[in-house]
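A.B. asks: sequence below, structure please.
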Amino acid sequence: MRVIFIAFVAGVLGSFAYLSWIQMNKEDITELPSALIGKPFPAFSLPAVQGGATLTQDDLKGKPALVNVWATWCVACRAEHPVLNRLAELGVNIHGVNYKDDNGDARKWLKEFHDPYQLNIDDARGSLGLNLGVYGAPETFLIDKQGIIRHKFVGVIDERVWREQLAPLYQQLVDEVAP
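C.D. replies: Predicted structure coming up:
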């Protein structure tokens, strides 16, 4: 009986040690690697969420921007949206990729919660998201003025994430453009 108890305690302690080791060594999921860092934004030709023009990767060029992958079905996107609105009010250039969503729902969302996007791409089938290596929404790509992907962030952009991680990278790209 004593041997069983010692084996049980050793098993519990061993399991605890193993799980602790996994927790300490797991990667930050907001830093998922992307093979696209340093490469041009993927080619696409898709409609704008608001209708009218067909957008391409060339429309994203000209100045640094955040390219935010979002959807109305995404609960985390709802939490992130007020921060994106505030950033847009401060002059941050933000483009949207409405991912695997109904365009009518997207338009209603933007009317109700405001539209922080300079351009908003309707990726209803998810083809652009696939080419970007999107795991889900929200995900945000930081591109330079030539449309080169410089950084990928997975998850909700909140005030802390913006201040500590993305704002310095964005400002660096803005400074590269300044004369």
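
A.B. asks: what sits closest to the residue most central in space within the chain if chain neighbours are left out?
C.D. replies: The residue lying closest to the centre of the chain (Cα atoms, centre = their mean) is Glu139, at 1.6 Å. Nearest residue to Glu139, sequence neighbours excluded (Cβ to Cβ, 6 or more residues apart in numbering): Val69, at 4.5 Å. Backbone N, C-alpha and C define where each C-beta goes, glycine included.

A.B. asks: check Leu132 too.
C.D. replies: Using Cβ to Cβ, 6+ apart, the closest residue to Leu132 is Pro42 (6.2 Å).

A.B. asks: and for the one you found, the neighbour number?
C.D. replies: By the criterion of other Cβ atoms under 10 Å, Pro42 has 16 neighbours.

A.B. asks: going forward can the numbers begin at 468, since that is how I track them
C.D. replies: All set: I'll call the first residue 468, so the last point we hit is now Pro509.

A.B. asks: got a list of what it touches?
C.D. replies: Counting by Cβ atoms under 8 Å, 6 or more residues apart in numbering, Pro509 makes contact with 503, 524, 595, 598-599.

A.B. asks: who does the residue nearest to Glu606 form a beta bridge with?
C.D. replies: With DSSP bridges as the criterion, Val536 is bridged to Val564, Glu606.

A.B. asks: ok, which stretches of this structure are helices?
C.D. replies: 469-492, 542-556, 570-580, 594-599, 626-628, 634-644 (DSSP state H).

A.B. asks: contacts for the second one next, please.
C.D. replies: It refers to helix 542-556. Contact with helix 542-556 is made by 533, 535, 537-538, 561, 580-581, 583-584, 604-605, 622-626, 629, as judged by Cβ under 8 Å, 6+ apart.

A.B. asks: buried subset of these?
C.D. replies: 533, 535, 537-538, 561, 583-584, 604-605, 622-624, 629 (16 or more other Cβ atoms under 10 Å).

A.B. asks: pick out the most distant pair among the residues you listed.
C.D. replies: Ala538 and Trp629 (20.5 Å; Cβ to Cβ).

A.B. asks: what sits against Val610?
C.D. replies: Quick fix: residue 610 is Ile, not Val. So Ile610 contacts 508, 527, 531-532, 534, 616-617 (Cβ under 8 Å, 6+ apart).

A.B. asks: pLDDT score for Ser501?
C.D. replies: pLDDT, Ser501: 74.

A.B. asks: contacting residues around it?
C.D. replies: By Cβ under 8 Å, 6+ apart, the neighbours of Ser501 are 600, 616, 619.
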